[in-house]
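In: Pasting the sequence and the predicted model now:
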Amino acid sequence: MTTLHERDALRDRSTGDLVKDLSHQASTLVRQEIDLAKAEMAEKGRRAGVGVGLLAGAAVAGLLALGALTAFLTLALDEGMPPWAAALVVTVAWVIVAAGLAYAGREKVNEVGTPVPEKTIESVKEDVEWLKGQTR
């Protein structure tokens, strides 16, 4: 809130000075909004990184499952049940691991939400309203 003395001081200033101050305040506000957007996007990036890491783990487990499946198929063509049965058990275990990692990774990525700095957008809207009030 401005006091009566501050209002009188503003009235005594030239339009050029007032526009200059408003321009300075607006540029400061824009810089602050950019800093807020950077901080918000960095936080979202860190959170998404966990999900991406889990998805990478799922990819490795999937490759291991393919390796075990290859061993299974090779041994299944060979004689004797124990070798291919063991390979089948390993394959199924790796598929279960890959599915669990993929599910957990997808959940982590979905927790992050859209890659839009939502808080910054809301703050910019408020700033626009404030600027409109200042120009009246």
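Out: Structure's in. What do you need?

In: Chain neighbours aside, what residue packs nearest to the residue nearest the centre of the chain?
Out: Nearest to the mean C-alpha position of the chain, by C-alpha atoms, centre = their mean, lies Lys44 at 2.9 Å. The shortest distance from Lys44 to any non-neighbouring residue, by C-beta to C-beta, 6 or more residues apart in numbering, is to Val112 (5.4 Å). For the C-beta atoms, the positions are set from N, CA and C on the backbone; glycine is no exception.

In: so where is this protein shaky, pLDDT-wise?
Out: 1-2, 10, 74, 77, 79-81, 135-136 (pLDDT under 70).

In: So which residues of it form helices?
Out: Assigned helices in the chain, in chain order: 4-12, 15-77, 81-112, 118-135 (criterion: DSSP state H).

In: quick one on the thing from earlier: contacting residues for the residue nearest to the centre of the chain?
Out: If you count contacts by C-beta atoms under 8 Å, 6 or more residues apart in numbering, Lys44 has them with 112-113, 115, 117.

In: Specify which member of those is nearest to Lys38.
Out: Comparing the contacts of Lys44 against Lys38 with C-beta to C-beta places Pro117 closest, at 8.5 Å.

In: Give me the neighbour count for the closest one.
Out: Pro117 has 20 neighbours, counted by other C-beta atoms under 10 Å.

In: now swap in Leu66 and tell me
Out: Leu66: 14 neighbours (other C-beta under 10 Å).

In: Could I get the contacting residues of Pro115?
Out: Contacts of Pro115 by C-beta under 8 Å, 6+ apart are 41, 44, 48.

In: Now the first one. Nearest residue, chain neighbours left out?
Out: Right, the one you point to is Met41. Met41's closest residue in space is Pro117 (C-beta to C-beta, 6+ apart), at 5.6 Å.

In: How about the last one?
Out: Nearest-residue entry for Ala48: Val112, 4.6 Å, with adjacent residues in sequence omitted and distances by C-beta to C-beta, 6+ apart.
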